[in-house]
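Enquirer: Quick one: sequence plus predicted model below, questions after.
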Amino acid sequence: TIHWKGVHSARTEYLLAWYKENDDAHIKLFSNSAKDAKEQGWRKKQSGSSKDVVYSQVAHAIFSNDKDPEVPQLFKEDPKAFIKPVSTHFSILRKKYNKFNKDLKQLGAGKMYMELQEDPKMKLLIDTKLKRFPWWPELHGWWQTNPAFNYAFSTVDLGQDFASAALDHCNIQSMQPKPATADDDTHTMNYGSVVDVTDDMIVD
């Protein structure tokens, strides 16, 4: 079983740190969709790597030296089995990010984290929600003006290059992540296979 929260929250930290250090992964995973780019005439950067290749690279960065001694051995024996847990966790982060944004409404969801901290009421709201989802500032630095990831923000400039915007926000200053108190996100793995994740991992 692959856990991502509680005592295993460092795995999410490693995941986000890897994305932050790898521009190609940003372009592949954080740019607007090719379909939307074509329909709206947006400029879109292309990455030469498939998403599964990116997820495989992330899995290697996270699990090849995991603190749980059994995990590196399992990864060595069947590295492809870890692609699904990584891709699923990425999707869960995206869902939780958007649930976080619902309380910020459209205006707040489109502002930078540091801007929001200047409003006492918004700061209190965000600080309270960060206890449950500490990864939001980092994700917001990448996704705040990208409607493909930030569903609450719909008034963006359609000529914006979202891949470059994600890279420009990589160094956003965020508060130190705190261990979440909700039940662990888990991905149960049979040897050589991965079982789909259940909805109970999506916390408010």
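Expert: Ah, there it is.
Enquirer: and stretch 104-111, which residues are buried?
Expert: If you call a residue buried by 16 or more other Cβ atoms under 10 Å, then stretch 104-111 has these buried ones: Leu104, Gly108, Ala109, Gly110, Lys111. Just so you know, the C-beta spots here come from the backbone N, C-alpha and C atoms, and that holds for glycine as well.
Enquirer: Now do that stretch, average pLDDT.
Expert: Average pLDDT, stretch 104-111: 74.
Enquirer: pull the CA atoms of that stretch into PDB?
Expert: Taking Å, rounded to 0.1, in the frame of the first residue of the first chain, the C-alpha atoms of stretch 104-111 are listed here in PDB:
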ATOM      1  CA  LEU A 104     -11.700  31.700  -2.200                       C
ATOM      2  CA  LYS A 105     -14.300  32.400  -4.900                       C
ATOM      3  CA  GLN A 106     -13.300  33.500  -8.400                       C
ATOM      4  CA  LEU A 107     -11.500  36.700  -7.400                       C
ATOM      5  CA  GLY A 108      -9.400  35.100  -4.600                       C
ATOM      6  CA  ALA A 109      -8.600  32.000  -6.600                       C
ATOM      7  CA  GLY A 110      -7.000  34.200  -9.300                       C
ATOM      8  CA  LYS A 111      -4.700  36.100  -7.000                       C
END
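Enquirer: which among the buried residues of stretch 104-111 gets closest to Leu125?
Expert: Leu104 (7.4 Å; Cβ to Cβ).
Enquirer: quick one: the closest one from Met122, how far?
Expert: Per Cβ to Cβ, to the nearest Å, Leu104 is found 7 Å from Met122.
Enquirer: Give the residues shared as contacts by those two.
Expert: Residues touching both Leu104 and Met122 (Cβ atoms under 8 Å, 6 or more residues apart in numbering) are Leu116.
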